[in-house]
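Novice: sharing a model that was predicted from the sequence below.
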Amino acid sequence: MSLSLTPWLVLACPLTGMLTIALLGKKLSPRAAGTIGTLAIAVAFVFAVLTLIKLQALPSNARVETTSLWDLVNVDGVKIQLGLYIDPLSTFMILVVTGVSTLIHLYSAGYMQTDEGYVRYFSYLNFFVFSMLLLVLAGNLVLLIIGWAFVGAASYMLVSYWYRRDTATAAGIKAFVINVVGDIGLVLGTLFLFKTMGVLDYGQLFSGAHTAFEKDAPELVIAMLLILVGAFAKSAQIPFQTWLPDAMEGPTPVSSLIHAATMVTAGVYLIGRLHVLFEWAPTAAAVGAIVGALTLLIAGSIGLVMTDLKRVIAYSTMSQIGYMIMGVSAAAYVGGFFHMMTHAFFKALLFMAAGSIISAMGGNQSLNNMSGFRKALPFTFACFLAGGFALSAFPLFSGFFSKDTLLFEVGARGGWYWALYVAGYIGAAFTVFYTWRMIFRAFWGQPCEQAQVVIDTGHAYHPAEHTNPHTGNEDDPSTQEVEDSEVGFPGKEHKYAETTWQMRYAMIPLAILAVVAGLIQLPFGITNVISDFLQPTFADTIVTYMPDNSGLEAFGLLISSVIAIVSLACAYWIWVRKPGTSAAIQARLPWLHKLFINKWYFDDFYSIFVVRPVVWIGQWAQDSFERVVINGLFIGGTSGLVKASSAAVRAIQTGLIRTYAALVIGGLSIVLLYFLVRGL
Amino acid sequence: MTVNWYLIVSAMIFTIGAAGVMIRRNPLVILLCLELMLNAGNLALIGFSRMWGTGAGEIFAIVVMVIAACEVAIGLGIIVALYRRRLPVDVDELRELHG
């Protein structure tokens, strides 16, 4: 199999899986749907590995392959192919996407097996993976936009998967609308590039950019800023971040998929893919880096106070994606993509573990109600610890090396990038606090009622009636909307990792990877797997680093270790040794807590300045404009005209046969006479 | 012997038939008048056929006769149906399809 075939097969697998599951429909048992879905992605992973092997066989200065099935458009100098672009970066992405997605599918096969909508679920899930693979393999910006829009659509369907929850459909709409704003930015940016350069293929874009534009030319900067809007919306960066926490309405494996593999990393990929253009427009790249830094700080600070377990992890994703966006915008490509990979492992793992806890809690997601799950869920606890250590960049865990590589590369740029470097380390402290806050609150302390049920009976706790945790007071199920358990929290039986082998076997590889994946790219050039692999893609970088920076690398590792250990000790002090401390801090700084718990008022801002005016205009249009102009003038006018003219024509139809006959004969006679007279 | 006399007779019969269709109100008579018109056409066709010395017009006349037979079958069927449903046998009364 050649390199021009395997990527197509990578794409074909999830597509086939989706179609098979969707067309067979309810004839499939949950187990069969799960098996088909998981196998489709697993086979895609095998083809991704084959692609990797074929790619590595090429000489390192020629590791780019383009392949095209046919021309989508080929008129008047515009040529758009249904083509793929295979280079180390896209291969890296398909490996991470298919690898992590396979495990998430496996997990879902256990977690969702008693859900009524498993057919819908697995076909959506395969479609999601297909869209993301299309996005990363696309060979030109048009195909990328198609994949980009598919990802948005798939996220909409999966976020509002439990469609009888009003909160879930609202969250899906929110995610979709914000993503569409990003799509518009991406399309406009593409048009800007096309207007000047007249090409859309990556190869031509990259080779022609330096002649088509001056360095930092305004048109290029505008184009790249518009493309950044797309990247920010998809990757949940400020100011487009508000959809991500709401997207927690979807089933937990979906959150895992969105956060680890198939969605929020798209923005990081886009910036890395277009790095030639971004480096040629340093102003736009700087905007990207600053927004990334702001996001990592703001999201980290919100993560400190959220009490919904999944939302804490969601804000942590936003913050970690902030690191990556900052990194790739600041030309820290190796660090950015290395962190993306390790993050995919430990974030998928954390969500899986969180899903296991939430199942054991009977659907309750509030940290205020959880405690003492250490004994009840020992396996989940071990996985959560592995993920937590990696996320908080504890020395020698994977996140430690990846975050440090990223920040080191940013710091090595010198100049004002130092500010980003410092922001990264402040964010690292936030990360440790919110991670260990979750762990200490969920796993330490006396077992809560639900944990006790698990310890005593070996079955998950089942509340008398299921409620939607996103309505009412999140700590008190009696204030929440009762929901239809046919379409709601997974099925009648709740699955957690200790009792469900699919969930366990999905979590074990991820837990191992979360611990050891850092070893493939160690500092001081000890191992260089990622940087060597990605080198051909980023060989053309024009960014210069500070000349001597081995001291910086050592300093970074040292300070990172200190931050991780000290913050962990502080977190232990606050949440385990002196449990009242956090409440005391909250009482001391009520305004800060209010700012964080209200998510820095972004949602309120959008509500006042965007949502409400739009709703008001819509209401006005419906009440006045539509009633008077549309209904009155257009519809009423047109139908009135038709009625009047038909009334006039109708009079001819007398129903008297003799009249008709007279008309026919008279008419024919006149025609005949006319020809006779003319012929004379 | 010119074809003119045949055509004059044919035109006269045709006019009688057309006038009958326009004037009479009994569907049976209207059908008879239609037959008159068709046969006036036949007469003209045969006349022309004789004039040119070919058989084409005669073939046409046979086709017209077949069509006339069909038309009579349908027309009489309608009239019988009218009788059966005790509807007035008067085309001016049967005008429910007016606009």
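Specialist: Done, it's in.
Novice: chain B against chain A: which residues are in contact?
Specialist: B:18, B:21-23, B:25, B:30, B:91-92, B:94-99 (C-beta under 8 Å from any C-beta of the partner chain). Bear in mind the C-beta positions are built from the backbone N, C-alpha and C, glycine included.
Novice: show me the shaky parts of the chain.
Specialist: Since you didn't name a chain, this refers to chain A. Residue ranges of chain A with pLDDT under 70: A:1, A:484-491, A:546-548.
Novice: that's the other chain; I wanted chain B
Specialist: For chain B, the ranges with pLDDT under 70 are B:1.
Novice: tabulate the CA atom coordinates of the helix or strand hosting residue A:295 in CSV.
Specialist: Using DSSP states H and E, residue A:295 sits within helix A:282-303. The C-alpha trace of helix A:282-303 is given here as CSV (Å, rounded to 0.1, in the frame of the first residue of the first chain):
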residue,chain,number,x,y,z
PRO,A,282,4.3,38.3,13.2
THR,A,283,1.6,40.7,14.4
ALA,A,284,-1.1,38.0,14.0
ALA,A,285,1.1,35.4,15.6
ALA,A,286,1.7,37.7,18.6
VAL,A,287,-2.1,38.2,18.9
GLY,A,288,-2.5,34.4,19.0
ALA,A,289,0.2,34.0,21.6
ILE,A,290,-1.2,36.7,23.9
VAL,A,291,-4.7,35.4,23.6
GLY,A,292,-3.4,31.9,24.5
ALA,A,293,-1.6,33.3,27.5
LEU,A,294,-4.7,35.2,28.7
THR,A,295,-6.9,32.1,28.2
LEU,A,296,-4.6,29.9,30.2
LEU,A,297,-4.7,32.3,33.1
ILE,A,298,-8.4,33.1,33.0
ALA,A,299,-9.5,29.5,32.5
GLY,A,300,-7.2,28.3,35.2
SER,A,301,-8.6,30.9,37.6
ILE,A,302,-12.2,29.8,36.9
GLY,A,303,-11.2,26.2,37.3
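Novice: for that helix, packing partners?
Specialist: helix A:218-234, helix A:275-280, helix A:309-329, helix A:417-443, helix A:590-597 (3 or more C-beta pairs under 8 Å, 6 or more residues apart in numbering or on different chains; DSSP states H and E).
Novice: any idea which of these is most buried?
Specialist: Among the helices and strands packed on helix A:282-303, helix A:309-329 has the highest mean neighbour count (mean count of other C-beta atoms under 10 Å in any protein chain shown), at a mean of 28.
Novice: next structured bit after that one?
Specialist: Using DSSP H and E, the first helix or strand after helix A:309-329 is helix A:333-360.
Novice: how close does residue A:341 sit to residue A:521?
Specialist: Residue A:341 is 9 Å from residue A:521, where distance means C-beta to C-beta, to the nearest Å.
Novice: identify the contacts common to those two.
Specialist: Contact criterion C-beta atoms under 8 Å, 6 or more residues apart in numbering or on different chains; residues shared by residue A:341 and residue A:521: A:402, A:530.
Novice: tell me the buried residues within the residues of chain B next to chain A.
Specialist: Taking 16 or more other C-beta atoms under 10 Å in any protein chain shown as the criterion, what is buried in these is B:18, B:21, B:22, B:25, B:30, B:91, B:94.
Novice: now do the strands in the stretch 51-200 of chain A.
Specialist: A:65-75, A:78-86 (DSSP state E, counting those that start in this stretch).
Novice: any chance of the ones you listed in TSV, plus distance to chain B and mean neighbour count?
Specialist: Conversion of the strands of the stretch 51-200 of chain A to TSV gives the following (distance: least, C-beta to the nearest C-beta, whole Å; neighbours: other C-beta atoms under 10 Å in any protein chain shown):
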stretch	distance to chain B	mean neighbour count
strand A:65-75	52	14
strand A:78-86	55	20
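Novice: got those strands as TSV, with distance to residue A:303 columns?
Specialist: TSV is the format used below for the strands of the stretch 51-200 of chain A (distance: least, C-beta to C-beta, whole Å):
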stretch	distance to residue A:303
strand A:65-75	41
strand A:78-86	36
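Novice: what's the closest of those strands to residue B:87?
Specialist: When the strands of the stretch 51-200 of chain A are ranked by distance to residue B:87, counting by C-beta to C-beta, first place goes to strand A:65-75 at 66.2 Å.
Novice: burial count for residue A:539?
Specialist: 11 (other C-beta atoms under 10 Å in any protein chain shown).
Novice: name the nearest residue to residue A:595, ignoring sequence neighbours.
Specialist: residue A:601 (7.4 Å; C-beta to C-beta, 6 or more residues apart in numbering or on different chains).
Novice: which residues of chain B fall in helices?
Specialist: Under the criterion DSSP state H, helices of chain B are mapped to B:4-23, B:27-52, B:56-84.
Novice: of the ones you listed, which is nearest residue A:508?
Specialist: helix B:56-84 (84.8 Å).
Novice: now that closest one: buried residues?
Specialist: Going by 16+ other C-beta under 10 Å, helix B:56-84 has these buried residues: B:57, B:60, B:61, B:68, B:75, B:79, B:82.
Novice: what is the nearest of the residues you listed to chain A?
Specialist: Nearest to chain A among the buried residues of helix B:56-84 is residue B:75, at 12.0 Å by C-beta to the nearest C-beta.
Novice: close enough to count as contact, the closest one and residue B:27?
Specialist: Yes - shown here, residue B:75 and residue B:27 form a contact pair, counting by C-beta atoms under 8 Å, at 7.3 Å.
Novice: distance check, whichever residue of the stretch 251-400 of chain A sits closest to chain B against residue A:263.
Specialist: At 61.8 Å from chain B, residue A:254 is the closest residue in the stretch 251-400 of chain A, using C-beta to the nearest C-beta. Applying C-beta to C-beta, the value for residue A:254 to residue A:263 is 10 Å.
Novice: next: residue A:670.
Specialist: 76 Å.
Novice: more neighbours: which of these two?
Specialist: residue A:263 (27 against 9).
Novice: can you list the domain ranges for chain A.
Specialist: Structural domains assigned to chain A are A:6-597, A:603-679, following automatic domain parsing.
Novice: can you tell me which of the ones you listed is most buried?
Specialist: Using mean count of other C-beta under 10 Å, domain A:6-597 ranks as the most buried of those, with a mean of 21.
Novice: work out the gap between it and the centre of the chain.
Specialist: Counting by C-alpha atoms, centre = their mean, to the nearest Å, domain A:6-597 is centred 6 Å from the centre of its parent chain.
Novice: need the distance between the two termini of it.
Specialist: 48 Å (C-alpha to C-alpha, to the nearest Å).
Novice: let me see the contact set for residue A:368.
Specialist: Contacts of residue A:368 (C-beta under 8 Å, 6+ apart): A:307, A:474, A:475.
Novice: are we agreed that it is in a strand?
Specialist: No - secondary structure of residue A:368 (DSSP: H, G, I helix; E, B strand; the rest coil): helix, not part of a strand.
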